[in-house]
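1. predicted model and sequence below, questions to follow.
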There are 2 protein chains.
Amino acid sequence: MTGLPMTVPADGLPARVRIHEVGARDGLQNEKSAVPTEVKAEFIHRLAAAGLTTIEATSFVHPKWVPQLADAEELMPRLRDLGHVALPVLVPNERGLERALALGATRIAVFGSATETFAARNLNRTVAESLAMFEPVVARAKAAADGPVHVRGYLSMCFGDPWEGPVPVDQVVRVAKALLDLGCDELSLGDTIGVATPGHVRTLLAALDQQGVTTDRIGVHFHDTYGQALSNTLAALQHGVTTVDASAGGLGGCPYAKSATGNLATEDLVWMLDGLGIETGVDLAALTATSVWMAERLGRPSPSRTVRALSPKE
Amino acid sequence: MTGLPMTVPADGLPARVRIHEVGARDGLQNEKSAVPTEVKAEFIHRLAAAGLTTIEATSFVHPKWVPQLADAEELMPRLRDLGHVALPVLVPNERGLERALALGATRIAVFGSATETFAARNLNRTVAESLAMFEPVVARAKAAADGPVHVRGYLSMCFGDPWEGPVPVDQVVRVAKALLDLGCDELSLGDTIGVATPGHVRTLLAALDQQGVTTDRIGVHFHDTYGQALSNTLAALQHGVTTVDASAGGLGGCPYAKSATGNLATEDLVWMLDGLGIETGVDLAALTATSVWMAERLGRPSPSRTVRALSPKE
């Protein structure tokens, strides 16, 4: 719709937001069947052409656990022309790091948990054991032959846990600090089951601030399970956060959350940021076209409300 | 999920919000076929039992235009035991007002437009002509034999219009003031096609403030077409608004918006307000059960993300 959203800035918000696009990794790893490598490569190229500058590309978790992304070795060489785009990859352990470095990865992410139950179920370790597993990964990434690799630390279950319920803020701050102490360059605070609300977001960010974890090292990763992702994002932006995770078309989600809705859709985020006059560099029409194209490949409509509203066929 | 959302208040928000529930009117009038009167009556009783205190019950628009609500005369007597609940009804003109008053209505709503195109298409009048039509309705409502009737003025297309695009803030303020000058007690600012973003919301509210239209006379009515309803609501709450329109289960929508998603779902709203510790009096579990029950009657799942996530069957 021409001229919409109308651009009307609000006070106290950043001028620019960096979107960390997770659809190709977090989205596609939650698909029932693997998407062909050439479709993944085209998806990432289309995302880059739409203006996304950080696109998480794949994962080096053992193919036994994530068969959907078993083709990392085939995919990465197809992305070599995207030198201007940051293409972080998920790395669970030293073996994964070796594979990633051999393919020229310059940004990695490790995946931690703020709660013991999720650490046990997802990583088969205690929180302390998972940190111990990450320690040599981060150290070796920082000492890589071609220069230090940028390390993102995902921290999941920062607001609620399906087994433990509410997660105390202090507990999240403790694990967040531990990840930074290992050498992580940035954190992504995950509301893995989508239960957060804006006051909780502000309180966690303030508690991190108090411990010296400033917003320039923080990304937020909200899920839309209860429809809360965008209002939580607004609360985070009001606190000064400038890195927001989102998934093109709303692909993916948490297998432990009941609802089909998972990641915040990048298009819903861009609609809000465009309306607020916050720069992202993303072309909403091109991004929506990409998600419509991907939805056709996957054989089902995008859960993104913006994609549905802008999609020509509905 | 026990203990979730975790209650963590945020600064600068109201202690209490009054939810103006529109599902029974705005929701059901957008259904393809009419819902039986006894189902409507049970729906409204269940909404009241879930703690909603303002439930828009039906419409006195001519049955030719809204056949879905042609049973207002049959429905209203079935709600007589709900004396503790405000049950506003939509009234388009003097004939509608007569019908409503004859049934004992003590609260009515008129439905205006901020744009000429929507006024022409929806009311078959100019904006000025529609205000002239409302004038005697409001005057007679205020002079009703059993005491003055409370009048709400809906103002649709406050942010964008499907034909005109962006709607200038000044234009909205002008029509809003005109509705209040007629004698309306409160306004409901409608984002009928769901295109608003938080800065636009704050700017409109500030412009109204400047013209003496304070937040105590304002309700907000956001649509979720682009996934923006809840973040816009947060922006309105931060400005001091304490009346929020929502539709149980996300029923209804605007026939002029492409997407199936329409009204902000009351459950998604209550999830956020519960998390923020803002009182509504609504029991989320009872409300969700009501929307699940209604979805079964309508034969399709609720579009509310909270309802889907909390629904036992998915």
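-> Happy to help now that I have it.
2. just want the residue of the stretch 201-314 of chain A that's nearest chain B.
-> Closest to chain B within the stretch 201-314 of chain A is A:Gly275: 2.6 Å, counting by Cβ to the nearest Cβ. Where you see a C-beta, it was placed from the backbone N, CA and C, and this is true even at glycine.
3. and that residue, what is it in contact with?
-> Contact analysis of A:Gly275 by Cβ atoms under 8 Å, 6 or more residues apart in numbering or on different chains lists A:Pro5, A:Met6, A:Thr7, A:Val8, B:Val195, B:Ala196, B:Thr197, B:Pro198, B:Gly199, B:His200, B:Gln228.
4. 6 Å instead?
-> A:Pro5, B:Thr197 (Cβ atoms under 6 Å, 6 or more residues apart in numbering or on different chains).
5. look up how far A:Ala49 lies from it.
-> Distance, A:Gly275 to A:Ala49, by Cβ to Cβ, to the nearest Å: 23 Å.
6. same check, this time on A:Gly153
-> 29 Å.
7. cool, A:Gly281 as well?
-> 12 Å.
8. rewinding a little: more crowded one of A:Gly153 and A:Ala49?
-> The neighbour comparison of A:Gly153 against A:Ala49 (other Cβ atoms under 10 Å in any protein chain shown) goes to A:Gly153, with 26 against 15.
9. and A:Gly219, helix, strand or coil?
-> Here A:Gly219 is recorded as strand under DSSP: H, G, I helix; E, B strand; the rest coil.
10. confidence score at it?
-> At A:Gly219, the pLDDT value in this model is 98.
11. name the nearest residue to it, sequence neighbours excluded.
-> Spatial nearest neighbour of A:Gly219, chain neighbours left out: A:Thr243 (3.6 Å); criterion: Cβ to Cβ, 6 or more residues apart in numbering or on different chains.
12. hmm, the helix or strand containing A:Met294 touching chain B?
-> Taking DSSP states H and E as the criterion, A:Met294 maps to helix A:284-298. No: for helix A:284-298, no contact with chain B is found by Cβ under 6 Å from any Cβ of the partner chain; the gap never falls below 10.2 Å.
13. contacting residues around that helix?
-> Against helix A:284-298 from outside (Cβ under 6 Å, 6+ apart): A:39, A:43, A:46, A:50, A:248-249, A:267, A:270, A:301-302, A:307, A:310-311.
14. quick check: A:Thr225 is in a helix.
-> No: assessed with three-state DSSP, A:Thr225 is coil; it does not lie in a helix.
15. how many neighbours does it have?
-> Neighbour number of A:Thr225 under other Cβ under 10 Å is 27.
16. name all residues that make contact with the nearest residue to A:Gly252 once chain neighbours are set aside.
-> Nearest non-adjacent residue to A:Gly252, counting by Cβ to Cβ, 6+ apart: A:Gly27, 3.5 Å away. Going by Cβ under 6 Å, 6+ apart, A:Gly27 touches A:Ser247, A:Leu251, A:Gly252.
17. run the last query once more with 10 Å
-> Listed by Cβ atoms under 10 Å, 6 or more residues apart in numbering or on different chains, the contact partners of A:Gly27 are A:21, A:35, A:43, A:56, A:68, A:247-253, A:262-263, A:266, A:294, A:298.
18. try A:Tyr226
-> A:Tyr226 touches A:191, A:193-197, A:257, A:259, A:261, B:1, B:4-5, B:230, B:265, B:267-268, B:271-272, B:275, B:304-310, counting by Cβ under 10 Å, 6+ apart.
19. ok, back up a step: chain B next: which of the contacts of helix A:284-298 are close?
-> A:Glu267, A:Val307, A:Leu310, A:Ser311 (Cβ under 10 Å from any Cβ of the partner chain).
20. show the buried residues in these.
-> A:Glu267, A:Val307, A:Leu310, A:Ser311 (16 or more other Cβ atoms under 10 Å in any protein chain shown).
21. which of those residues lies closest to A:Asp161?
-> Set against A:Asp161, the nearest of these by Cβ to Cβ is A:Glu267 (28.6 Å).
22. got the phi and psi for that closest one?
-> phi -70, psi -40 (degrees, to the nearest 10).
23. which residue comes closest to it once chain neighbours are left out?
-> Per Cβ to Cβ, 6+ apart, closest to A:Glu267 is A:Thr306, 3.9 Å.
24. out of everything not next to it in sequence, what's closest to A:Ser247?
-> Closest to A:Ser247 by Cβ to Cβ, 6+ apart is A:Asn263, at 3.5 Å.
25. touching, A:Gly240 and A:Leu205? I think so.
-> Yes: A:Gly240 is within contact range of A:Leu205, at 8.0 Å (criterion: Cβ atoms under 10 Å).
26. so what's the residue count around the single nearest residue of the stretch 51-200 of chain A relative to chain B?
-> The nearest approach of the stretch 51-200 of chain A to chain B comes at A:Thr197, 2.6 Å away (Cβ to the nearest Cβ). Applying other Cβ under 10 Å, we find 31 residues neighbouring A:Thr197.
27. of A:Gly240 and A:Leu205, which one has the most company?
-> A:Leu205 (23 against 15).
28. so the more buried one: helix, strand or coil?
-> A:Leu205 - assigned by three-state DSSP - is helix.
29. residues contacting it?
-> Counted by Cβ under 10 Å, 6+ apart, A:Leu205 has contacts A:169, A:189, A:213-215, A:218, A:220, A:235-236, A:238-241.
30. got a quick PyMOL command for the buried subset of these?
-> The buried residues among the contacts of A:Leu205 can be selected in PyMOL (16+ other Cβ under 10 Å) with this line:
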select buried, chain A and resi 169+189+213+215+218+220+235+236+238+239+241
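31. out of the contacts of A:Leu205, which sit inside helices?
-> Among these, the members found in helices (DSSP state H) are A:Val169, A:Ala235, A:Ala236, A:Gln238, A:His239.
32. any idea how far the fourth one lies from B:Gly281?
-> When distance is defined by Cβ to Cβ, A:Gln238 is 28 Å away from B:Gly281.
33. the second one too?
-> Using Cβ to Cβ, one obtains 24 Å as the distance from A:Ala235 to B:Gly281.
34. list the buried residues for the helix or strand in which A:Glu129 is found?
-> According to DSSP H and E, A:Glu129 maps onto helix A:127-142. For helix A:127-142, burial by neighbour count (16+ other Cβ under 10 Å) applies to A:Val127, A:Ser130, A:Leu131, A:Met133, A:Phe134, A:Val137, A:Val138, A:Ala141, A:Lys142.
35. tell me how many other residues surround the nearest residue to the fourth one once chain neighbours are set aside.
-> So that's A:Met133. Excluding the flanking residues, the one nearest A:Met133 by Cβ to Cβ, 6+ apart is A:Asn93, at 5.9 Å. Using other Cβ under 10 Å, A:Asn93 is surrounded by 17 other residues.
36. wait, A:Asn93 sits on A:His62?
-> Yes: using Cβ under 10 Å, A:Asn93 makes contact with A:His62 at a distance of 8.7 Å.
37. the strands in chain A, which residues?
-> A:18-21, A:54-55, A:58-59, A:89-90, A:107-113, A:150-156, A:160-161, A:165-166, A:186-191, A:218-222, A:243-246 (DSSP state E).
38. and the contacts of the third one?
-> To tie it back to what came earlier, the one meant is strand A:58-59. For strand A:58-59, the surrounding residues in contact (Cβ under 10 Å, 6+ apart) are A:24-26, A:28-29, A:37, A:40, A:44, A:65-66, A:68-76, A:79, A:87-92, A:96, A:100, A:103, A:105, A:109, A:111.
39. and that strand, how far out from the chain middle?
-> Distance of strand A:58-59 from the chain centroid (Cα atoms, centre = their mean, to the nearest Å) equals 12 Å.
40. with stretch A:140-160 instead?
-> Counting by Cα atoms, centre = their mean, stretch A:140-160 comes out at 13 Å from the chain centroid.
41. what does stretch A:132-148 give?
-> 21 Å.
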